[in-house]
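S.K.: For reference, the sequence and a predicted model appear below.
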Amino acid sequence: MADEPINALEASLAIEHTGPGLWAAVASPQYEANSGMFGGWTAALLLKTILSEAKSAGSASAMTVNFVNRVVPGARLEVRTTRLGGGRSLTHWRCDVLSENSLLATAVVVLADRKESSVHTEVTMPEAPPPASIPLAILPGTFGSVVEVRPTLGDDLFNQTTTRSLNWERDGSGRPMDAVQLAFLSDLGAPRIFFVSDGPRPSSTITLSIYFHATSEELAACSDDYILCDMVGTRANAATIASRKDMWGRNGALLATSEQLCWFR
């Protein structure tokens, strides 16, 4: 998207250190979804703040975000970080986003000192045509103009027999891939309940967990290119629907997986 400023996502995630374990940020209206800030933006802000803490060490290994209240676009935010404990290889952190002393979202993050080990990947990257051959999808909300999604499967959202989608996805601002950007992209995807409904329904993410698998070399290889995202709903029941998302580099590396639970009406 040539008319977008370079690294718009990075600019929107600007944080200011205001005291021990305290940071300030602004909810950028550029990343607004239908009912508040895009959940991936909030997850990215939480993770970036943890990684910016002077006491933090290691790389992101796991993260769970609970979305407590609506993050209003344009709001001034306070971000609080707490080291919960850990040892030489793993540390556990909590991070909270507040506005006017009201808790909006909270996350628990595990940082790991990654070491050489045996390797194994059970799943395989799905086949998909190259992204340049697929038209861009039109997404709702202002954030839809700063991300790029090219659907190869699941572009018909309603009255389907499956909730699976297979999309090429990327941030459109030119920001190189890292764990923060994987957190951002982990929440990208139409609500799974849409696929088995006649039309749009009220839906919001309750909780989102992300597991980071990529090595630093695999992240560097992605640069600002598309990644292939395979997402499927697992079960809808009692007004909630769960889903899983596998995120693949173009070279076949499994970069991250995510699980989320959404409310719907």
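M.R.: All right, it came through fine. Since this is a predicted model, take the numbers as computed values, not measurements.

S.K.: Helices along the stretch 101-250 of the chain, start to end?
M.R.: Secondary structure of the stretch 101-250 of the chain by DSSP state H, counting those that start in this stretch: the helices cover 179-186, 192-195, 216-222.

S.K.: Of these, which stretch is the most buried?
M.R.: helix 179-186 (a mean of 26; mean count of other Cβ atoms under 10 Å). C-betas here are computed from N, CA, C, even on glycine.

S.K.: Might you calculate how far that one sits from the centre of the chain?
M.R.: Relative to its parent chain, helix 179-186 has a centroid offset of 4 Å by Cα atoms, centre = their mean, to the nearest Å.

S.K.: how close does residue 145 sit to residue 26?
M.R.: To residue 26, residue 145 is 19 Å away according to Cβ to Cβ, to the nearest Å.

S.K.: I meant to write residue 98 there.
M.R.: For residue 98, the distance to residue 26 - Cβ to Cβ - is 13 Å.

S.K.: Find the residues that touch each one of the two.
M.R.: residue 77 (Cβ atoms under 8 Å, 6 or more residues apart in numbering).

S.K.: how far does stretch 132-139 stretch from start to finish?
M.R.: 18 Å (Cα to Cα, to the nearest Å).

S.K.: List the buried residues of that stretch.
M.R.: Buried residues in stretch 132-139, counted by 16 or more other Cβ atoms under 10 Å: 134, 137, 139.

S.K.: Of those, which is the nearest to residue 83?
M.R.: residue 139 (36.6 Å; Cβ to Cβ).

S.K.: Now do stretch 76-95: distance to the chain's middle.
M.R.: Relative to its parent chain, stretch 76-95 has a centroid offset of 19 Å by Cα atoms, centre = their mean.

S.K.: Return the set of buried residues in it.
M.R.: Per 16+ other Cβ under 10 Å, stretch 76-95 contains these buried residues: 77-81, 86, 91, 93-95.

S.K.: cool, stretch 106-124 as well?
M.R.: 106-112.

S.K.: who's in contact with stretch 235-251?
M.R.: Against stretch 235-251 from outside (Cβ under 8 Å, 6+ apart): 123, 125-126, 163, 182, 185-186, 189, 191-193, 196, 203, 206, 214, 218, 221-222, 225-234, 254-265.

S.K.: change it to 7 Å
M.R.: Applying Cβ atoms under 7 Å, 6 or more residues apart in numbering, the external contacts of stretch 235-251 come out as 123, 125, 182, 185-186, 189, 192-193, 218, 221-222, 225-234, 254-265.

S.K.: May I have the distance across it, first residue to last?
M.R.: Span of stretch 235-251 from end to end, Cα to Cα: 31 Å.

S.K.: next one: stretch 176-196
M.R.: 35 Å.

S.K.: Find the helix or strand that the residue nearest to residue 16 when sequence neighbours are not counted is a member of.
M.R.: With Cβ to Cβ, 6 or more residues apart in numbering as the criterion, residue 16 has its nearest non-adjacent residue at 4.5 Å, and that residue is residue 24. Residue 24 is part of strand 22-26 when elements are defined by DSSP states H and E.

S.K.: Flag the shaky bits of the protein, pLDDT-wise.
M.R.: 1-6 (pLDDT under 70).

S.K.: ok, now which ones touch the nearest residue to residue 253 once chain neighbours are set aside?
M.R.: With Cβ to Cβ, 6+ apart as the criterion, residue 253 has its nearest non-adjacent residue at 4.3 Å, and that residue is residue 218. Applying Cβ under 7 Å, 6+ apart to residue 218 gives the contacts 249, 253, 255.
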